[in-house]
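Peer 1: Sequence and predicted structure below; questions after.
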Amino acid sequence: MLQIAFIRENQEKVIKALAKRNIDAKSVVEEVVQLDENRRATQVELDNTLSESNKLSKDIGELMKAGEKSKAAILKEKTVSLKEKSKDLGAKAEALAEELLHKLYTLPNLPADIVPEGKTPEENVNVFQEGAIPVLHEGAEPHWELVKKYDIIDFELGVKITGAGFPVYKGKGARLQRALINYFLDKNTAAGYNEVQVPHLVNEASGYGTGQLPDKEGQMYHSTIDDLYLIPTAEVPVTNLFRDVLLAETELPVLYTAYTPCFRREAGSYGAHVRGLNRLHQFDKVEIVRVEHPDNSYAALDGMVEHVKEILNELKLPYRVLRLCGGDMGFTSALTYDFEVFSTAQDRWLEISSVSNFETFQANRLKLRFKDKDGKNQLAHTLNGSSLALPRVLAGIIENYQTPEGIVIPEVLRPYCGFDIIN
């Protein structure tokens with residue numbers, strides 16, 4: 001959530017920045033500023049009314065001590081009127097604050113200066129590419145055929161149990177999935193990230209805290225009886241560990257990693273481009289989350305990008321890194337880098353990770369602050385990244401490592417798997 005003081009003092013800057021997201025925010029910004037002015041004016045009137053009421057209460061006490069009951073009675077009548085007025089003003093101020101908050105929830109984060117202009121994914125900027133695209137043997141197949149051939153993932157069985165988008169991993173497929181999770185967690189903890197296990201259901205406050213609500217409400221599975229949401233990513237519970245937390249500056253940075261299943265409705269997702277593992281309603285992901293001093297967050301973002309690069313280099317998968325344009329960025333992000341692995345059998349790039357800096361956007365919602373060296377409370381910066389999302393990494397391995405004899409396991413994963421080929 002954008003800070004109201006910043007919006008008030010930088011209206012044109014906010015409007016111009018949001019235009020990079022292809023959003024005409026002029027009317028919303030003006031409405032936000034007007035609501036804030038009304039709220040502040042109402043609060044001033046309320047404070048003055050309460051101050052006057054308190055002064056009269058003291059005067060009444062002094063008059064009663066002096067035995068001037070008739071004068072005290074006149075003032076008492078006035079305090080009754082002031083109490084009614086303060087009650088009405090309090091309700092008005094609360095209603096204006098609530099309206100202002102919900103209006104602020106509709107504004108996305110401001111893109112960083114280096115975010116490129118653009119409306120579609122085709123306008124994202126390729127900033128790095130690594131790895132030779134393998135030349136596959138004749139008759140090479142996409143992963144949804146290979147997993148059926150080697151009986152390692154069963155999509156039809158998942159449909160029977162739950163529905164489309166909930167696959168069943170079997171035998172060496174399940175073991176490879178578990179190997180990837182353990183490998184990712186080991187890489188993250190070796191890099192200084194503290195591993196945590198977190199709930200897979202969160203309350204509404206957590207959804208609002210990281211910005212999934214109200215923006216992504218339609219994409220989240222909602223348990224209405226308990227008013228809890230299945231998590232779309234570990235980012236939500238992990239970052240919410242710091243909701244309403246005041247850190248000491250010396251505690252920064254904070255680094256966490258977590259493995260969780262992720263649940264996304266992905267409404268309206270149809271067609272060949274979402275076949276097999278390309279898009280699921282339930283999938284596994286290992287996440288990294290950082291809480292940083294504002295002065296260090298962009299250096300930390302660069303470090304996260306390098307960390308994910310190292311993992312993909314060890315897996316020896318061809319990949320590229322994209323800086324997302326304004327029109328393709330997530331609601332909460334100030335700057336995002338997407339990682340894509342090349343699927344040779346599908347002849348297309350598959351997104352496998354997003355690494356983002358949210359600056360103070362989430363921290364403002366979370367009330368996540370740190371006390372600086374001058375003793376002042378400041379909003380921290382939050383960052384997160386997939387390290388990594390498993391389905392498309394698994395698809396990339398299955399397709400790019402296929403041979404006529406079977407699917408070769410990347411060397412770095414063999415100690416985790418206990419086997420070196422799926423055949």
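Peer 2: Thanks, I have the structure now.
Peer 1: Show me the helices in the stretch 201-350 of the chain, by range?
Peer 2: With DSSP state H, counting those that start in this stretch as the criterion, the stretch 201-350 of the chain has helices at 204-210, 235-239, 297-315.
Peer 1: who's in contact with the first one?
Peer 2: Where contact means CB atoms under 8 Å, 6 or more residues apart in numbering, the residues beyond helix 204-210 that reach it are 105, 213-214, 217, 220, 227, 229, 235-237, 239-240, 243, 332, 362, 365-366. Bear in mind the C-beta positions are built from the backbone N, C-alpha and C, glycine included.
Peer 1: okay, the helices of the stretch 201-350 of the chain, which one's buried deepest?
Peer 2: Burial of the helices of the stretch 201-350 of the chain is given as mean neighbour count (mean count of other CB atoms under 10 Å); helix 235-239 ranks first at a mean of 26.
Peer 1: So which elements touch it?
Peer 2: Counting contacts by 3 or more CB pairs under 8 Å, 6 or more residues apart in numbering; DSSP states H and E, helix 235-239 packs against helix 204-210, strand 254-263, strand 282-292, strand 381-389.
Peer 1: Leaving out chain neighbours, which residue sits closest to Thr106?
Peer 2: Spatial nearest neighbour of Thr106, excluding adjacent residues (CB to CB, 6 or more residues apart in numbering): Val28 at 6.5 Å.
Peer 1: er, Lys187 I mean
Peer 2: Nearest non-adjacent residue to Lys187, counting by CB to CB, 6+ apart: Ile311, 5.6 Å away.
Peer 1: For the one you found, give me its contacts.
Peer 2: Counted by CB under 8 Å, 6+ apart, Ile311 has contacts 184, 187, 387-388.
Peer 1: and those residues, which are buried?
Peer 2: Among the contacts of Ile311, those classed as buried by 16 or more other CB atoms under 10 Å are 184, 187, 387-388.
Peer 1: Let me have the helices and strands packed on helix 235-239 in a markdown table, adding distance to Arg21 and mean pLDDT as columns.
Peer 2: Putting those into a markdown table (distance: least, CB to CB, whole Å; pLDDT from 0 to 100) gives the following:
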| stretch | distance to Arg21 | mean pLDDT |
| --- | --- | --- |
| helix 204-210 | 19 | 97 |
| strand 254-263 | 25 | 98 |
| strand 282-292 | 23 | 98 |
| strand 381-389 | 19 | 97 |
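Peer 1: before we move on, the earlier item: would you mind saying which of the helices of the stretch 201-350 of the chain lies nearest Asn124?
Peer 2: Comparison of the helices of the stretch 201-350 of the chain against Asn124 by CB to CB identifies helix 297-315 as nearest, at 14.5 Å.
Peer 1: How far off centre is that closest one?
Peer 2: Distance, stretch centre to chain centre, for helix 297-315: 18 Å (CA atoms, centre = their mean, to the nearest Å).
Peer 1: just the angle between that helix and strand 254-263, please?
Peer 2: Here helix 297-315 runs at an angle of 60 degrees relative to strand 254-263 (axes from the mean of the first three to the mean of the last three CA atoms, to 10 degrees).
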